[in-house]
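A.B. asks: coordinates for the following, if possible.
(chains A and B)
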Number of protein chains: 2
Amino acid sequence: MDLDRLLNPSSLAVVGASAKPGKVGNVILGNLKEGDFRLYPVNPKEKQILGLRCYSDLSSLPEVPDVAILAVSATTSLPITIECVRLGVPFVIVVAGGFAEIGLEGGSIQDLMLAAIRGSGTRLLGPNTMGLLIPKRKLDTLFLPKERSPRPAHGPIALISQSGSVMVGLYELAEDARVGLGACIGIGNKADLNENDFLKYFGKDEDTKCISLYLESFSSGREFAESARKISHRKPIVAAKVGRTPSAQKAASSHTGAIASGTDLMVRGVFRQNGIVQVDDDQELLDISQALSCLDHLEGNRIAIVGSGGGYGVVATDYVTSESNGYGLTLAPLAEGTKERLRKLSPYFASVHNPVDLTGDVTNKMYDEVLEVLQDEHSIDAILLILLFQPPGMTIGMVDVAEKWARDGKKPIVICCTGGGYTRPVLQRLNERGIPAYGSISRSVHALGSLWERGRYLGSFKSAASKDAK
Amino acid sequence: MDLDRLLNPSSLAVVGASAKPGKVGNVILGNLKEGDFRLYPVNPKEKQILGLRCYSDLSSLPEVPDVAILAVSATTSLPITIECVRLGVPFVIVVAGGFAEIGLEGGSIQDLMLAAIRGSGTRLLGPNTMGLLIPKRKLDTLFLPKERSPRPAHGPIALISQSGSVMVGLYELAEDARVGLGACIGIGNKADLNENDFLKYFGKDEDTKCISLYLESFSSGREFAESARKISHRKPIVAAKVGRTPSAQKAASSHTGAIASGTDLMVRGVFRQNGIVQVDDDQELLDISQALSCLDHLEGNRIAIVGSGGGYGVVATDYVTSESNGYGLTLAPLAEGTKERLRKLSPYFASVHNPVDLTGDVTNKMYDEVLEVLQDEHSIDAILLILLFQPPGMTIGMVDVAEKWARDGKKPIVICCTGGGYTRPVLQRLNERGIPAYGSISRSVHALGSLWERGRYLGSFKSAASKDAK
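C.D. replies: Numbering: from 1, shown residues only, chains lettered A, B, ... in the order given. The predicted structure follows:
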């Protein structure tokens, strides 16, 4: 299905647009005003809203809009949807809650709405949806003011979320870390358009380097697995399927009307088989998507850890190598020649074994030289840089050094910067330049683990293909 | 042993004080200048440093200082330590690295230093130590400038750390979240004073509500377990024992000269038996210490989840109830009467089952009323509040509402606020007022899990005591 007119519309109508600040129909209109498309407020009681001419109903517009956003109550959404079908509006976004997620009564309105669009050219997003955010196009149908909920910049990750609040939480985390997002799609009750439609769309979208999903249920588990299988060998897919326990599954049902779909164990199996990287919450979804959208998969699991704080080197080694609470990686065994070269570059009390500890005497220049040496070490599949910015020899110029080796070097680099307010801008700059950087050791090692998980999946795929060829 | 003159000194000398900005001996002197104690720079080449009269050597000071901080090289530290012993300085802090952690040569200097203090009244902190930070007394022997590494406010947590960088990372995390710390002690190579000395001290210190340790090895595992056992039934102890794997243990040895002490499995057993709550890294250490220092243990594991974002309610339910990736808690089964009362307070499309979802129509007032209702629900052992600040009805005034129920209510409250830059100040204010608030669901549920872990430990302790009495 072609979702282009939904995700790249020429014209939008906001039904229930309001002149009253703070109202849903006012906030949505305000957020859309900056976009490069024709925008029509619809409200029979107003002549003009936010400087835009207001129309009494959809049929009075000078054209049939690509998208109608229904900022009206659940019960009013039904007749407006019927009108959209009659006029041939291709996409309707139903914002209101109060449908299948609240039980039988709401469910029957949702059923009537579905009956109205059946067989027509009109498709429906929602109901009970947070809507769409496409930063590059300033397409922002959210009913949350930007000052309360800062939006992220454009980037290579497409997010499909069954929960509005998790979508918002995730894009705010992204904005705060300066990680860009290409699209955020709230599928809500997914009465019509669902995760499979968007998965296929972003699978083909060249701007999207990673597809990220927050799901509480599957509209069709089989279709999801098949689509994912086709996409995942060329584009990473990361998914949180929450409602892992019976209690949580029940909670999901009263949230988006989700029907239990498979035990956690089944889901994990299906994900693994089809190359979907599984995560458990919004922060993990963002972290892992960031790594997979910026870096290639790993060909092996041997990690070189380089930092200036010995303690963090130990903590990182724990997360790298522990079976019970770690990520299934190993320490790269550095060759004697490599250690010799490192010894010449670093203070005499530094440790040149992996994890390399350059101590508080570290400088940007020392990192530059060490990274140069590590390029030639065949035992290394990826580098974890633990950058601490308290030592006087470390400055913001380190971002340029990291960028140089991330761009021109042979080894994938993931960065961890621990610390407080002084460190945050450094993390932000690294992320802005597409170098995955995290504020904690466990998150950065988790990122490396996911790159290796993807490497193993692609490896098994390749080895299966080479067997087939024989 | 009485550590009072170390942790609450009347006078300090900085040997190797420097007039050159950026030098270790300059930064330490600058950080100490604000404290309410007599401060003596020692340097034969200077008359005055940072406005303080400078002395040529320790024996020229007008008094024997309580503490001598040695901001000189490893080799110079040895003769100065010998001089401290001769003068009867009770405490020496040896900042330099280059001792046992770098191998035999450094180890023999460390041995000589130990030999020098043996049988004397002089005790030694370090070598290879980050030093001390006691915010309440402005006692700050760190060689890191404050503008690079912002210090936390005073609070009820005492941190004992074998790693300087982890100590710094942790207090910066604390400062950023506005969590107060009572003391940060870097024990470094712990050639003399070690974790057991400080554990016992803070066990008796009335200001300290929680003792937190980052350890790479045990100076005496038996002594640690025995001290912890005596303290933990009245004061919580949280510890990260890193070097969980053989690779990480090896890394620890080149970091602080730590000698492998017990497998991870053994450590976990000893910790559990002696009521020590185990964590794996700095963020967990801070999070769990914060919860345990602010709140009483839980008497049961039944959690009520209340929020405005249905998706986060589901994620929280996962972490509460999952056996494989959760914290061993259950959902409190709300009575019909409670649900009826909640239904009257909340929008018709809200969910009044646990997890309670008040939807985007939530207001501070609604939370206030809901929290009032939950006080009377006998099935609830603790409340997880998931506060999202995007809805227009939510304001910073919610901090007062939360504080009221945290202070006057019957149920322990842990708060989660997800989101970006708009949410951070809210988290900070909650933490400042002693209400544990976290930026992610998993961290907040982990905090609740640790309160229940402590409840179980104290329960088993009580039931053992009652058996003994029979």
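A.B. asks: can you give me the strands for the stretch 351-470 of chain A?
C.D. replies: With DSSP state E, counting those that start in this stretch as the criterion, the stretch 351-470 of chain A has strands at A:356-357, A:382-386, A:413-416, A:437-438.
A.B. asks: so which of those is nearest chain B?
C.D. replies: Nearest to chain B, of all the strands of the stretch 351-470 of chain A, is strand A:356-357, at 6.4 Å by Cβ to the nearest Cβ. Glycine gets a C-beta too; all of them are placed from N, C-alpha and C.
A.B. asks: nearest residue to residue A:190 in space, please, no chain neighbours.
C.D. replies: With sequence-adjacent residues excluded and distances taken as Cβ to Cβ, 6 or more residues apart in numbering or on different chains, residue A:190 is closest to residue A:219, at 5.8 Å.
A.B. asks: may I see the buried residues of the helix ranked longest in chain A?
C.D. replies: Counting by DSSP state H, the longest helix found in chain A is helix A:441-469. Residues of helix A:441-469 classed as buried: A:441-458 (neighbour count, 16 or more other Cβ atoms under 10 Å in any protein chain shown).
A.B. asks: now do stretch A:60-71
C.D. replies: Residues of stretch A:60-71 classed as buried by neighbour count (16+ other Cβ under 10 Å): A:61, A:65-71.
A.B. asks: quick one: which two of these are the most distant?
C.D. replies: Pairwise distances across the buried residues of stretch A:60-71 (Cβ to Cβ) peak at 16.7 Å, for the pair A:66 and A:71.
A.B. asks: helices and strands of chain A: which one bottoms out on pLDDT?
C.D. replies: Counting by mean pLDDT, DSSP states H and E, chain A has its least confident helix or strand at helix A:246-256, which shows a mean of 82.
A.B. asks: tell me the buried residues in that one?
C.D. replies: A:247-256.
A.B. asks: now the next helix or strand after it - C-alpha only, CSV.
C.D. replies: Downstream of helix A:246-256, the next assigned helix or strand under DSSP states H and E is helix A:264-273. Only the C-alpha atoms of helix A:264-273 are listed here, as CSV (Å, rounded to 0.1, in the frame of the first residue of the first chain):
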residue,chain,number,x,y,z
ASP,A,264,7.1,-14.0,25.6
LEU,A,265,9.1,-17.2,24.8
MET,A,266,7.3,-17.6,21.5
VAL,A,267,7.9,-14.0,20.6
ARG,A,268,11.6,-14.2,21.4
GLY,A,269,11.9,-17.3,19.2
VAL,A,270,10.1,-15.7,16.3
PHE,A,271,12.2,-12.5,16.6
ARG,A,272,15.4,-14.4,16.7
GLN,A,273,14.5,-16.5,13.7
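A.B. asks: so what does the next helix or strand after helix A:264-273 touch, helix or strand wise?
C.D. replies: Tracing the chain C-terminally past helix A:264-273 and defining elements by DSSP H and E, one meets strand A:276-279 next. Strand A:276-279 is packed against strand A:237-241, helix A:264-273, helix A:282-294, helix A:441-469, with contacts defined by 3 or more Cβ pairs under 8 Å, 6 or more residues apart in numbering or on different chains; DSSP states H and E.
A.B. asks: can you list contacts of the third one?
C.D. replies: Looking back up the chat, that one is helix A:282-294. For helix A:282-294, contacts defined as Cβ atoms under 8 Å, 6 or more residues apart in numbering or on different chains pick out A:155-157, A:159, A:166, A:169-170, A:173-174, A:177, A:179, A:209-210, A:212-214, A:236, A:238-240, A:277, A:279, A:414, A:431, A:434-436, A:438, A:443, A:446-448, A:450-451, A:454, B:315, B:418, B:440-442.
A.B. asks: angle of it against helix B:441-469?
C.D. replies: Interaxial angle, helix A:282-294 versus helix B:441-469 (axes from the mean of the first three to the mean of the last three Cα atoms, to 10 degrees): 140 degrees.
A.B. asks: cool, the first one as well?
C.D. replies: Between strand A:237-241 and helix B:441-469, the angle comes out at 40 degrees (the same axes, to 10 degrees).
A.B. asks: which elements pack onto strand A:237-241?
C.D. replies: strand A:210-215, helix A:264-273, strand A:276-279, helix A:282-294.
A.B. asks: what lines up beside the very next helix or strand once past the longest one in the sheet?
C.D. replies: Scanning forward in sequence from helix A:282-294, with DSSP H and E defining helices and strands, the next element found is strand A:302-307. Counting by DSSP bridges, the strands paired with strand A:302-307 are strand A:330-331 (parallel), strand A:356-357 (parallel), strand A:382-386 (parallel).
A.B. asks: could you give the average pLDDT over the last one?
C.D. replies: When you say that, I think you mean strand A:382-386. The average pLDDT within strand A:382-386 is 98.
A.B. asks: which residues touch that strand?
C.D. replies: A:298, A:302-309, A:312-313, A:316, A:320, A:367, A:371, A:374, A:402, A:411-418, A:441, A:444-445, A:448, A:451-452.
A.B. asks: can I get the buried residues of helix A:246-256 in TSV including distance to chain B?
C.D. replies: Listed next are those as TSV, based on distance: Cβ to the nearest Cβ, whole Å:
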residue	distance to chain B
A:247	5
A:248	4
A:249	8
A:250	8
A:251	5
A:252	5
A:253	9
A:254	4
A:255	3
A:256	7
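A.B. asks: spell out which parts of the stretch 51-200 of chain A neighbour chain B.
C.D. replies: Counting by Cβ under 8 Å from any Cβ of the partner chain, the residues of the stretch 51-200 of chain A lying close to chain B are A:74, A:97-98, A:101-102, A:106, A:143-145, A:147-150, A:161-169, A:172-173, A:175-176.
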